[in-house]
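S.K.: Can you look at this prediction? I've put the sequence above it.
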Amino acid sequence: MNNIVQHNTACSEGGGIAVEFSSSRIEGNTVQNNTQFGCSGGPGGGGIAIGGAGQAQIIGNVIANNTWPSGDGGGISMNAAGTPTIKNNIITGNTATGVSPAAQGGGISMSNDSDALIIQNLIYNNSAGQGGGVYFGVPFGARGPILVNNTIVGNFGGSQGSAVYANGFDNQVQFFNNVLSGASGQNAVYCDATYVQQPPTFTNNDAFSSNGTGLAGTCASQAGQNGNISADPQLVNVATGDFHLQTTSPAIDAGTNVAPNLPQTDFAGNPRILDGNNDCVSTVDLGSYELVRAADASFFYQRAHFPESSDWHLQRRPAGHADQHGHYLFPVLEYRDHGRLFSSQQLLRGWRPGRHFLCLQRHIHSRCDGHSPGDAYGKRVGRHYREESQC
Ligand SMILES: [Ca+2]
């Protein structure tokens with residue numbers, strides 16, 4: 001964990017790190033400027049090579065500016081790697097080159113039985129002849145990778161597969177909730193038809209390329225199906241590496257909440273499933289970041305009655321304190337009522353999307369901890385609020 005692995009060389013695989021038949025956990029490291037020296041070819045992997053069946057976990061690393069000058073996998077190469085997990089990494093500036101007709105997988109390459117989970121990575125500015133971001137070649141009978149909520153953007157993949165190049169028997173491969181953005185004039189995703197005509201399954205992805213095609217080759221049939229879109233994802237600033245979504249992005253709330261291996265939090269650590277378009281439905285966004293709308297969500301709960309006896313206070317608890325149910329609450333707001341229907345919307349502005357808990361208390365300074373009569377009622381109001389007044 002937390003190492004800097006840089007300026008190393010290797011002969012046949014893994015310029016920075018090689019994992020062999022292992023379930024190692026490689027987390028929080030910076031792996032950069034590693035390459036091959038003294039040999040030609042090999043399984044590749046300028047930054048990291050994973051070879052031989054295992055369950056290696058590559059989590060939260062920065063894998064940058066590595067090269068493999070005579071083969072595949074500029075950043076990471078997997079060869080018969082079993083079931084590794086590649087999650088929450090930044091994979092950028094890596095290059096695979098030196099092979100005719102094309103080196104494959106500038107960011108990540110997968111070959112032979114490598115049924116990887118590729119979850120919520122930022123993969124950008126990598127380069128290869130095919131699959132600037134990601135390449136996989138799936139052998140007969142293998143499942144191949146599952147890609148969930150990755151942002152793959154601005155990679156250079158020659159004429160085909162700027163973001164992803166899919167090859168082999170890839171019809172069991174699955175894509176969920178990814179932003180797959182191609183370089184201008186290059187198709188974003190290219191699926192080769194040499195081995196199998198059926199494409200991978202794409203569900204709720206944005207595959208887009210300005211002056212190019214989003215889904216090409218056998219994958220073209222997936223365009224417009226199963227929640228897939230092809231539109232500029234409107235990232236905040238690709239040039240400076242800010243891949244958050246703009247508030248107008250078509251990727252907001254465009255995902256599927258039932259994607260497998262969906263993380264609890266996004267790349268920035270925010271809750272993964274939030275209501276980003278204020279339609280009162282919490283839906284996951286596409287790509288690595290969830291849009292967090294602050295201070296503009298308003299809530300309506302006209303049907304939340306106060307008790308007839310009055311002298312109660314409605315309270316939102318201080319930020320940073322979750323209650324015993326894990327509900328996250330916001331700065332204290334108090335409102336004295338006298339048994340009337342509570343209808344003020346203004347007092348409830350400023351809530352972030354998500355589920356909140358209203359605590360109704362008899363005394364302003366009493367605790368909402370489940371031990372006072374007021375709190376008992378508060379919890380009931382809380383449920384009342386959540387069930388009947390979602391927005
Ligand atoms: Ca959302």
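M.R.: Ah, there it is. Numbering: from 1, shown residues only.

S.K.: residues near whichever residue of the stretch 151-300 of the chain sits closest to the ion, how many?
M.R.: Relative to the ion, the nearest point of the stretch 151-300 of the chain is G276 (3.6 Å; CB to the ion). All C-beta spots, glycine's among them, are computed from the backbone N, C-alpha and C. By other CB atoms under 10 Å, 23 other residues sit near G276.

S.K.: do T67 as well
M.R.: Neighbourhood size, T67 [other CB under 10 Å]: 22.

S.K.: List the beta-bridge partners for it.
M.R.: As for beta bridges, T67 partners with T95 under DSSP bridges.

S.K.: That one: what's it in contact with?
M.R.: Residues in contact with T67 (CB atoms under 8 Å, 6 or more residues apart in numbering) are 15, 35-36, 46, 74, 94-97.

S.K.: same thing with I229?
M.R.: Applying CB under 8 Å, 6+ apart, one finds that I229 lies in contact with 205-206, 208, 250, 254.

S.K.: per-residue confidence for it?
M.R.: Looking at I229, its pLDDT reads 98.

S.K.: Now do it against N278, distance only.
M.R.: From I229 over to N278 the distance is 20 Å, taken as CB to CB, to the nearest Å.

S.K.: just the buried members of the contacts of T67?
M.R.: Buried members of the contacts of T67, counted by 16 or more other CB atoms under 10 Å: 15, 35-36, 46, 74, 94-97.

S.K.: and of those residues, the nearest to the ion?
M.R.: For these, the residue nearest the ion by CB to the ion is N94; the value is 29.8 Å.

S.K.: hang on, that closest one packs against G74?
M.R.: Yes: contact criterion CB atoms under 8 Å: N94 and G74 qualify, at 3.4 Å.

S.K.: residue of the stretch 1-150 of the chain with the smallest distance to the ion?
M.R.: Nearest residue of the stretch 1-150 of the chain to the ion, counting by CB to the ion: N149, 11.2 Å away.

S.K.: Quick check: phi and psi on that residue?
M.R.: phi 50, psi 40 (degrees, to the nearest 10).

S.K.: Ok, Q225 next?
M.R.: Main-chain torsions, Q225, degrees, to the nearest 10: phi -100, psi 160.

S.K.: how about it, what does it touch?
M.R.: Contact analysis of Q225 by CB under 8 Å, 6+ apart lists F202.

S.K.: residues in this structure within reach of the ion, list them.
M.R.: Neighbours of the ion within the chain, by CB under 5 Å from the ion: 253, 274, 276, 285.

S.K.: can you tell me which of those residues are in helices?
M.R.: Using DSSP state H to define helices, no part of the residues of the chain next to the ion is located there.

S.K.: Let me know the closest of those to A239.
M.R.: Nearest to A239 among those, counting by CB to CB, is D285 at 21.3 Å.

S.K.: Following the record's annotation, map out the domains of the chain.
M.R.: Residue ranges for each domain of the chain read 4-245, 299-390, as given by automatic domain parsing.
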